[in-house]
Structures are given as C-alpha cells and as structure tokens.
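# model this:
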Amino acid sequence: MLMSFFQQIFTAVYASQTGQFLLIWITITTAAAICVAIAVGQVVTPSSQKATQRTINLIMTWRQVGTPRAVVTLALLAAFLVCYIAITLVWEDFAYFDNEYFTLHTLQGHNISLRIHPGSGRFFPLGFMEFNLIRHFTDTNIGYHVLPIAQLLIFFCILLILDAELGITARAALAVLALLTPSILTSFGGLIFPERNFLFFLACLVLSVRYFEQSPSIAWAVAAVVSAQIMIYNQETAPLLLLGFATGRLILRCRNGHHAGWDHARLWDKESRLDLCLASLGVLFLLYYFAVMGIHGNINYAVTARQPLAEIILAYLRVDLLAWLLVAFVLGRIYLILRHRMAPLLLWDGLALGGVVCFLAFLYLGMFSIYYLAPVDLIAVLYVGRFTVLSWKKTRSWGKTAAALLAILVVLQDVTVSAFAEFERKNYIRGRVEIAAVVETQYRNYTGNDLRLFFPFSTPYQIMEFASYLNYRGVPVEGAVDKAGDVNSVVLTTRAIAKDCPCAEWEEIRCHAVSGAAPGDLVVVLPDDRASLAEASVYRERGELLFFYQPRPPIPHWLHSLFDSLHIYTTRYTPKTNPDRWMDGSVTAWK
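As a prediction, the model looks like this:
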C-alpha cells in the first residue's frame, strides 16, 4: 500500500513538464554527487607538515589584510560596492525588457514556466526559477533585487580570495575591473539575465576546484559538481564552457611533462576523476538537450538573432577587447606549453580554454549582446590579469609599456561602454515608467468605454512589454492575465501587424491592426522606438502633447556621436546608428 502511495505521487509529479525535469535533474545531480564522492575517495587528512604550512599561509594572509595599505584597499572596496549597489537600484522598476515574466506571472501569483521551448530552440530550464520562490516573500522591485545583490557580494568575495598568489591590492583591482566590464555590470544590474547565475556558479565551481586541488576532499568535489550542475542548466553555452574546462584540464594533465607523448596513468589521479565527472555532466546535458529538442531541433531564436560573421567580429571588437585578449593570450600560452617552455597551470589554463570555447560558440552562432560574454570576460580578467601581475617584474620595459597601454585601452573601453549601457538602461526604464504614469492618469480620468493607445513605431513585442507594465500598475489591458474580463480596459493599436492578434505569441495581450491614429487616441512614442525625430514630430505636432521625456542626465553631442559608433541599442547590436531622438519619448492626445 505504501509503495502504491509513492507510485501515485511519482506519477502525478512526472505528469507535468516541471515535475519531469526536476526528477531528472535531481536524479542526475544526486548520482553525480555520489559518483564523485566514490571516485575521489575518502577525505585526505593532510600531513602535519601540510597543516603547518597551511596555518602559516593563513597567518600571512591575515597579516597582509591587516596592513595599513590593505585596510585602505578594503575601505575603498566597501565604498565601491555601496556605490555599485546604489547605481543598480536607482530608478529600478518592472519596466525593463522581458520583465513581463514578473508583471504577468510572479507578481500576479503565477510561477514562471520552465525555460524549455522546442519551438524557439531555447533550453535553460533553471532560468528565472529563483523568482518563483522570491514571489512568496516580496512583490517590490527592491525585494526582487535582494538575491542578485547577495550573489554580487558573495561573487566579489570569491574573487578576492580565489588567487592566493596575488597580493590583496592586485586581487582587489582585478575584482573591481571584473565588475566594471559591461557584460558583468549588465548581468548583475538587471533581473532577467541568466548570465548572473552563470557567473555566480562559475565562480563557485572555480573556487571548489581550487580548494580541491589544495586538499582533495569529498566536500569540495561535491560542491564543484553541484555548482556545475546548476550552472549548465541556467544558460545554453555553459555546458560548452564546462566541457572545455574539464577536457582541457585532462589533456594538459596527461601532457604535463618535458617529453612528448601521453601519460594515461594521470587519468586516475583524484583531480582527473573530478574532471571526468564534470565532463560527464556536460555530456549528459547535451544528451538531455537533444532528447528534448531533437537532433535537428528548431533554433529560431539563434536564427533570428544571427548576424553576419564580419559584423559580429566588429561588434565584439567595439565593446569587448577582453574576449579577444583572452584568445590571444591562450594561443600564446598553448604555443609555449607545446614547446615545453612553460608548465601548464591546470586550473587557470583549463578555465581559459573553456572561456575560448564559449566565445567561439557565440561567433559561430552569429549572436551578439553586451551581456552574452560575461563568463568569458570574467575569465579574461582573472587569467590575463594574474599572469600580467605575476610576470611584471620579469617583463622588459617595452613589454611593460605595451601592457600598460593595453590595460588603459581595456579600462577605457569598459568604463565607456558600461556608462553607455547604464545610461541607456536607466533611461529605458525611467522613460517607460513616466509614460505609463501619464497613461494611467488619462485612464483614471477617461469617461469613454475603452481608452485606445496607438503605437506608430513600436514593434508588437515592445507594445506587449509596455502593456504588461501598465497592467502591473493597475491599468487593465485587453487580454492581460487576470484582467481579461474587466470593462473599460485599454486597447492597443498599431500599424505593425496585418490583423488583430496577440502582440506576442507566448502572451495573451492583444494588439489591433489599424492604419493610423483616430481622434481621442493616445499616441505613444517609447524611448526605445527606432523612429527619427522628424518621424516622431509628425505625431507630436498634430495633437496635444501631454508629456515629453528627455533622457537624463543630458549628454553632450560629441558623446552622443561616440555612443552611435558602438552600434548598440538596448544591449543588442544593430548595423544602424541610434536615431537622433535617441531615448526620448512622448504621449500625445490625437485630435
């Protein structure tokens, strides 16, 4: 009878897609943890000499932290993190792109579904699943940011303790540089970027492997496996990085010698067993992926986002020299290792190989966004930075000059692009929030049956996003979840579709096809619309301008031209320059 009861529970759970995935994922994770525990054996008790040396290292570390220079460094880091978090929270609201996951789902009491979509080729099942838990405790934007901020602080602490060979000042400088890179800043700044969890669990994985190498214990091996298992189901390219990392370490370990040939006996080292377990997780992910998505599955998402290779290379050169620097540095290291002029460092060289594999995957797919290469940039900062610092005293004067110039160029690029990304993101949010407030006021004072909004330039996807935010503010939008039966709802109209239909096929919010604005309509120009100032002025001048949004703070024209040269728009690459009314918006009552 008891077995029948458990069988009924198992059948009920497995009947849903979520239940199927969780059972499979938990089974794989548990089996991997057991296997790695058996593979690495019992906890190795360090000898008294190793324990003494470790105690000495710990005392030296605390002495280093206790120096006046280190105290000043840590105080500056604390101030930096406070400012970083403040910038993250200022002007935040659920008005950014893809925030309909919250406004139409978690904030309405519904869970976000698993990110398994064979029709579009997306497969990152654990993406955004943390918000299904968070929704039970808070419904505020700041509350939703508590977990990302906690992850940021832990992530930063890991970067500070990861590489004991560097001084505290060097580690702090590299950690700050990592957080200032556009990809990492964007990943931790917004709620909807799966790269945040990718970064966090990648850092946990590297820390676990690092400590396992120092003390091959079961606990660190299991921590590495669990971190990897969470990481690879949060972003599709994560398994490629993991496979590059694990197989790269295995190859370098078996070739780690002064003579040609392979030392296959090294495959049975405890470190190799851990790497084999990590590589197996990557292979199991691929098998699971193809079982769900099909061998020749639909990859509409990648096809839609694909750009010509030459344009993608140019785009990443404009905004991410770190990725290219990593590739050049790895090629140089591999050459020296193959010529037996340099011994490989399994953790760092394996990590760099994984980063290069991840970068090449995005080049092959022809996909660009500011935040896609966040893990690659993290590896580049740690890898290139540590070798530059450790070899600085031995470097010739011309080499120091070249390294310093290159470092200045990278920092300038990171600061410039990060400033652009934050300026755009904050004005994207603020502009939509203020436009929504005007629409809400007009709706409250409206005496007719339905208030019509006309979007002359927005895509149906943009309209759906804005409408979902309106619905969140209490303005019922036709077709929105839990608002479909309300009277006097807001009707959305546009010229961008041929017939009435959902604005986005995965949501119920409806758009109506019209040829133009009708008297009484509110004409809405959103900050992210691609229209020029002349095109927008046609609608602003033929009606009563109720509201006009200008980006803040104002920027000089020459800086506007610099941003145009980046060819980035709302974190994505575009072959066109930004419109001359970049980031402004308006609401006009049509007459």
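# use CA for all of it now, contacts and neighbours both
Fine.
# Which parts of the stretch 401-550 of the chain are helices?
460-472, 533-541 (DSSP state H, counting those that start in this stretch).
# got the buried residues for the helix or strand L331 falls within?
Secondary structure from DSSP states H and E places L331 in helix 321-338. Across helix 321-338, burial judged by 16 or more other Cα atoms under 10 Å covers 321-327, 329-330, 333-334, 337-338.
# Which single one of those residues is nearest to F420?
L321 (16.2 Å; Cα to Cα).
# Name the nearest residue to the closest one, sequence neighbours excluded.
Counting by Cα to Cα, 6 or more residues apart in numbering, L321 lies nearest to V410, which is 6.5 Å off, once chain neighbours are set aside.
# Show the pLDDT at the one you found.
Listed pLDDT for V410 reads 94.
# count of neighbours near it?
Other residues lying near V410 total 19 when counted by other Cα atoms under 10 Å.
# looking at it, it is touching A323, isn't it?
No. Between V410 and A323 there is no contact under Cα atoms under 8 Å: 10.6 Å.
# give me every residue that touches the nearest residue to D414 once chain neighbours are set aside.
In space, and not counting its chain neighbours, D414 is closest to T181: 5.0 Å by Cα to Cα, 6+ apart. Listed by Cα atoms under 8 Å, 6 or more residues apart in numbering, the contact set of T181 reads D377, D414, V415, S418.
# pretty sure the second one contacts L180?
Yes. If you go by Cα under 8 Å, D414 and L180 touch, sitting 6.4 Å apart.
# Name the residue in these two with the higher neighbour count.
With neighbours defined as other Cα under 10 Å, D414 and L180 compare such that D414 has more, 24 against 20.
# Now do the same contact list for the more buried one.
L180, T181, P182, V319, D320.
# Tell me which of those residues has the lowest pLDDT.
Scoring those by pLDDT puts V319 last, at 89.
# Tell me the pLDDT of the spatially most central residue of the chain.
With distances taken as Cα atoms, centre = their mean, the residue of the chain nearest its centroid is E195 (2.4 Å). E195 is assigned 95 on the pLDDT scale.
# wait, isn't it in contact with A374?
Yes. Contact criterion Cα under 8 Å: E195 and A374 qualify, at 6.7 Å.
# Need the residues touching each of these two.
Jointly contacting E195 and A374 under the rule Cα under 8 Å, 6+ apart are S187.
# Tell me where the model's unsure across the protein.
Along the chain, the parts satisfying pLDDT under 70 run over 1-17, 42-66, 256-261, 296-298, 481-487, 557-558, 560-575.
# buried sites along the host helix or strand of I87?
Per DSSP H and E, I87 falls inside helix 68-89. By neighbour count on 16+ other Cα under 10 Å, the buried set for helix 68-89 is A70, T73, L74, L77, L81, Y84, I85, T88, L89.
# starting at the chain centroid, how far to the following helix or strand past it?
The helix or strand immediately downstream of helix 68-89 is helix 100-103, counting by DSSP H and E. In terms of Cα atoms, centre = their mean, to the nearest Å, the centre of helix 100-103 is found 17 Å from the chain centre.
# Give me the contact list for helix 100-103.
F94, Q108, I112, E465, S468, Y469, N471, Y472.
# got a winner among those for most neighbours?
S468 (29 neighbours).
# still on that earlier bit, closest one of the contacts of helix 100-103 to V389?
Set against V389, the nearest of those by Cα to Cα is F94 (41.7 Å).
# Hmm, N141 and that closest one touching each other?
Yes. Counting by Cα under 8 Å, N141 is a contact partner of F94 at 6.7 Å.
# so what are the domain limits for this structure?
Using automatic domain parsing, the domain ranges for the chain come out as 9-305, 426-590.
# roughly how far apart are G350 and A221?
Look at G350 and A221: by Cα to Cα, to the nearest Å, they are 17 Å apart.
# Please disregard the earlier target; I meant S208.
Distance from S208 to A221, by Cα to Cα: 7 Å.
# picking that back up, so what's the residue nearest to the centre of the chain up against?
E195 makes contacts with S187, N234, Q235, Y371, Y372, A374, P375, as judged by Cα under 8 Å, 6+ apart.
# Ok, V319 next?
I370, Q413, D414, V417, L566.
# Likewise for S183?
S183 makes contacts with I370, Y371, Y372, L373, A374, D377, as judged by Cα under 8 Å, 6+ apart.
# That one - nearest residue in space that isn't next to it in sequence?
Per Cα to Cα, 6+ apart, closest to S183 is Y371, 3.9 Å.
# SS state for that neighbour?
Secondary structure assignment for Y371 (DSSP: H, G, I helix; E, B strand; the rest coil): coil.
# Verify the contact between it and S187 for me.
Yes. Y371 lies in contact with S187 (Cα under 8 Å); the separation is 6.1 Å.
# hey, what's in contact with both of those two?
Joint contacts of Y371 and S187 (Cα under 8 Å, 6+ apart) are F193, E195.
# Now do the strands in the stretch 101-250 of the chain.
Along the stretch 101-250 of the chain, the segments classed as strands by DSSP state E, counting those that start in this stretch run 116-117, 122-123.
# and the first one, what other elements does it pack with?
In this case it means strand 116-117. With contacts taken as 3 or more Cα pairs under 8 Å, 6 or more residues apart in numbering; DSSP states H and E, strand 116-117 sits against strand 122-123.
# Can you give the strand pairings for the strand it packs on, parallel or anti for each?
strand 116-117 (antiparallel) (DSSP bridges).
# From the rest of the structure, what touches the strand it pairs with?
By Cα under 8 Å, 6+ apart, strand 116-117 touches R122, F123, F124, P125.
# Pull the contacting residues for the closest residue to L325 other than its chain neighbours.
If the residues on either side of it in the chain are set aside, L325 comes closest to A380, at 7.3 Å by Cα to Cα, 6+ apart. Each residue near A380 by Cα under 8 Å, 6+ apart is listed here: L322, A323, L325, L326, A352, G355.
# Need those in JSON lines (columns: distance to L152).
Putting the contacts of A380 into JSON lines (distance: Cα to Cα, whole Å) gives the following:
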{"residue": "L322", "distance to L152": "21"}
{"residue": "A323", "distance to L152": "22"}
{"residue": "L325", "distance to L152": "25"}
{"residue": "L326", "distance to L152": "23"}
{"residue": "A352", "distance to L152": "22"}
{"residue": "G355", "distance to L152": "21"}
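# Tell me the helices and strands packed up against whichever helix or strand L363 is part of.
Here L363, judged by DSSP H and E, is contained in helix 346-365. With contacts taken as 3+ Cα pairs under 8 Å, 6+ apart, helix 346-365 sits against helix 195-214, helix 238-254, helix 309-319, helix 321-338, helix 374-390.
# winner for burial among the ones you listed?
helix 238-254 (a mean of 23; mean count of other Cα atoms under 10 Å).
# and the angle from it to helix 195-214?
Taking axes from the mean of the first three to the mean of the last three Cα atoms, to 10 degrees, one finds helix 238-254 and helix 195-214 inclined to each other by 20 degrees.
# Touching helix 238-254 from outside, list them.
Against helix 238-254 from outside (Cα under 8 Å, 6+ apart): 198, 228, 231-232, 262-267, 272, 275-276, 278-279, 282-283, 285-286, 344, 346-347, 349-358.
# and those residues, which are buried?
198, 228, 231-232, 266-267, 272, 275-276, 278-279, 282-283, 285, 344, 346-347, 349-358.
# sorry, back to before: so which of the helices of the stretch 401-550 of the chain gets nearest I313?
Distance to I313, taken as Cα to Cα, is lowest for helix 460-472 among the helices of the stretch 401-550 of the chain, at 27.5 Å.
# who's in contact with that closest one?
Outside helix 460-472, the residues that touch it by Cα under 8 Å, 6+ apart are 94-95, 97-100, 103-104, 107, 432, 436, 440, 455, 476-477, 480, 483, 492, 494, 496-497, 503-504, 509-511.
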